[in-house]
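Student: Below is the sequence, then the predicted model.
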Amino acid sequence: MLDVRRLRLLRELARRGTIAAVAEALAFSPSAVSQQLGVLEREAGLPLLERTGRRVRLTPAGQNLVLHAEAVLERLERADADLAAARGGLSGALRIGAFPTATRAIVPAALVALARLHPGLEPMVRETDPAEVAHALRAGDLDVALVHTYDFVPAAREPGLTTEPLYGEAMYLAVPAGDAPADSDSDSDSDCGPGPGTGESSGQGPVLRAHADAPWITATPGTLCHTMTVRACQAAGFTPRVRHRVDEFATVLALVAAGQGVAVVPQLGVTGPADPAVRLTRLAMQRRTGLAFRSGARTHPAVAAFGAALRAAVPPDLAGSRAAQ
């Protein structure tokens, strides 16, 4: 009989490519991972792995077994959901991953609703960049997480995970108020209305190109937000000259107000009263947020309760722009 814990290791190896990466992600030693995979090969009765330098490649039999592992693990999630529903009354920890703007603007209201409806549940929020969510969910470090995608950074399919759409956000170009407005009379493909603060709706191509020579402020490399800005600029015909790398949008806007550069920010990143030192121009692109969890966990009472609380907490100006992931 194949051991499900070893199947999970094989599944992670298929995603990460090296024994060391699997060991680091699951808090094992590399030798322990190798030993357990060796046992799995003996249980299977044929080779599952081929070693090529530091990396390990799955044999056709190993790749086929990973597909079965995905189905087995999803079935186990469904069984866990059924058992939780049968026990009645939500209790225990619910490990939640969320990115900063959602943590600030939406998650607190959802937690208040959860505490009122399910006082025995203990939600535990951890700020997690969406790029890291898939590994954290599959490793069991998170039970549910908010993730986002951008028009220029589509979501890759993540085996073993399911994502449900929550809401969409407008995106804005933030520039110092003293900068000359971009001429967007031509090549505009936006049907969006005016955004918060000052500024008009515009297709991003001409607006971004007008600031091709300006210093840019982006998120740190490796994040989806950084990739979004770089790709949007490249689609407009240039590569941004990055001066500052900052992940918190409030700080990004403060740097823009100080004349330190221009930046692309999402709707939830624009909070509080309009800053007269910053001009915002709405772009023809969106950031879309969804709720991610392990496949099979949709009906788990705690996951379902958190999803319902989140949807109730989404501000009306976001709820109206929901879009499928």
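Tutor: Cool, got the structure.

Student: contacts for the helix or strand bottoming out on mean pLDDT in the chain?
Tutor: Lowest by mean pLDDT, DSSP states H and E among the helices and strands of the chain is helix 316-319, with a mean of 76. Outside of helix 316-319, the residues within contact range by Cβ atoms under 8 Å, 6 or more residues apart in numbering are 167-169, 267-268, 311. Every C-beta, even on glycine, is put in place using the N, C-alpha and C of the backbone.

Student: swap the cut-off to 7 Å and go again
Tutor: The set of residues external to helix 316-319 that reach it, using Cβ atoms under 7 Å, 6 or more residues apart in numbering, is 167, 169.

Student: same check, this time on stretch 23-33
Tutor: 9, 12, 16, 19-20, 22, 135, 139.

Student: Send me it as CSV with only the CA atoms.
Tutor: Once side chains and other backbone atoms are set aside, the C-alpha atoms of stretch 23-33 remain, and they are given as CSV (Å, rounded to 0.1, in the frame of the first residue of the first chain):
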residue,chain,number,x,y,z
ALA,A,23,13.2,19.6,2.3
GLU,A,24,13.2,23.3,2.9
ALA,A,25,9.6,23.8,2.1
LEU,A,26,8.4,20.9,4.3
ALA,A,27,10.9,21.3,7.1
PHE,A,28,12.6,18.0,6.5
SER,A,29,16.3,17.2,6.0
PRO,A,30,17.3,16.4,2.4
SER,A,31,18.4,13.0,3.5
ALA,A,32,15.0,12.3,5.1
VAL,A,33,13.3,13.3,1.9
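
Student: Can you list the buried residues in that stretch?
Tutor: Within stretch 23-33, the residues scored as buried using 16 or more other Cβ atoms under 10 Å are 23, 25-26, 28, 33.

Student: With stretch 76-88 instead?
Tutor: Of the residues in stretch 76-88, those buried under the neighbour-count criterion (16+ other Cβ under 10 Å) are 77, 81, 84.

Student: Point out the least confident one among these.
Tutor: In this model, the minimum pLDDT among the buried residues of stretch 76-88 belongs to residue 84 (84).

Student: quick one: average confidence on whichever strand or helix holds residue 265?
Tutor: For residue 265, the enclosing helix or strand under DSSP states H and E is strand 263-266. Model confidence over strand 263-266 averages 96 on the pLDDT scale.

Student: next one: stretch 231-246
Tutor: Averaging the model's pLDDT scores along stretch 231-246 yields 95.

Student: Determine how far it lies from the middle of the whole chain.
Tutor: Its chain's average C-alpha position is 21 Å from that of stretch 231-246, according to Cα atoms, centre = their mean, to the nearest Å.

Student: Buried by neighbour count: which residues of stretch 67-76 qualify?
Tutor: Applying 16+ other Cβ under 10 Å to stretch 67-76 flags 69-70, 72-74 as buried.

Student: Okay, and which of those map to helices?
Tutor: Within these, membership in helices is found for 69-70, 72-74, as judged by DSSP state H.

Student: Run through the neighbouring helices and strands of the helix or strand harbouring residue 254.
Tutor: Counting by DSSP H and E, the element that carries residue 254 is helix 249-257. Under the contact definition 3 or more Cβ pairs under 7 Å, 6 or more residues apart in numbering; DSSP states H and E, helix 249-257 sits against strand 161-176, strand 215-218, strand 263-266, strand 278-294.

Student: CA atoms only for the least confident helix or strand of the chain, dumped as PDB, please.
Tutor: Taking C-alpha atoms only, helix 316-319 is exported to PDB below (Å, rounded to 0.1, in the frame of the first residue of the first chain):
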ATOM      1  CA  PRO A 316     -19.400  48.000  -2.800                       C
ATOM      2  CA  ASP A 317     -17.100  49.800  -5.200                       C
ATOM      3  CA  LEU A 318     -15.000  46.600  -5.500                       C
ATOM      4  CA  ALA A 319     -17.900  44.100  -5.500                       C
END
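
Student: Name the SS class of the residue nearest to residue 59 when sequence neighbours are not counted, please.
Tutor: Counting by Cβ to Cβ, 6 or more residues apart in numbering, the nearest residue to residue 59 once its immediate chain neighbours are dropped is residue 47, at 5.3 Å. In terms of secondary structure, residue 47 is coil; the call rests on DSSP: H, G, I helix; E, B strand; the rest coil.

Student: Just to check, residue 47 is in contact with residue 41?
Tutor: Yes - distance between residue 47 and residue 41: 6.3 Å, which falls inside the contact criterion (Cβ atoms under 7 Å).

Student: Comparing those two, which shows the higher neighbour count?
Tutor: When residue 47 and residue 41 are compared for neighbours, residue 41 comes out ahead with 19 against 12, by other Cβ atoms under 10 Å.

Student: my guess is that one is in a helix, correct?
Tutor: Yes - judged by three-state DSSP, residue 41 forms part of a helix.

Student: Report pLDDT for the residue lying farthest from the centre of the chain.
Tutor: When each C-alpha in the chain is compared with the mean C-alpha position (Cα atoms, centre = their mean), residue 45 comes out farthest, at 38.8 Å. Per-residue confidence at residue 45 stands at 89 (pLDDT).
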